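Student: could you work out the structure for the sequence below:
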Amino acid sequence: QVQLVESGGGLVQAGGSLRLSCAASGRSFSNYHMAWFRQAPGKEREFVAVISWGGINTRYADSVKGRFTISRDNTKNTLYLQMNSLKPEDTAIYYCAAVFGLGVSLVVRIESYNYWGQGTQVTVSS
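Tutor: Okay, the predicted model is just below:
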């Protein structure tokens, strides 16, 4: 089992920045690919970014590329999402998720992830 707890959400003006964190406990964090997803009101949950178990490889949704940066610190069992140049359309609940990663390619499908946090709200005002 992997337990995930997000933090760092809040209210920010358009153009501002936030850094989300996801603290992991349980099984070895460094063996898992980690991802961020988000869900806006009335919309389906969507992929935001993923990072490989060793932190070498990343992928981003086109909508956040160049503005968001995913990173991890395996010594602290923590995943991060640095969000810059925020837009009102970034408003959503942000979730971190984990999937066992050793020997597995990066995946962006929601159904591939079997561990989820409870989410943290990000609201961007115009």
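Student: ok, residue 71 touching residue 49?
Tutor: No: look at residue 71 against residue 49 with Cβ atoms under 8 Å: they stay out of range, at 9.6 Å. In short, each C-beta sits where N, CA and C put it, glycine included.
Student: neighbour count for those two, which is higher?
Tutor: More crowded of residue 71 and residue 49, by other Cβ atoms under 10 Å: residue 49, with 23 against 15.
Student: so what sits opposite the more buried one in the bridge?
Tutor: Under DSSP bridges, the beta-bridge partners of residue 49 are residue 36, residue 60.
Student: likewise residue 26?
Tutor: Residue 26 forms beta bridges with residue 2, as assigned by DSSP bridges.
Student: give the contact list for it.
Tutor: Taking Cβ atoms under 8 Å, 6 or more residues apart in numbering, we find residue 26 in contact with 1-3.
Student: check residue 5 too.
Tutor: Residue 5 is in contact with 22-23, 117-118, counting by Cβ under 8 Å, 6+ apart.
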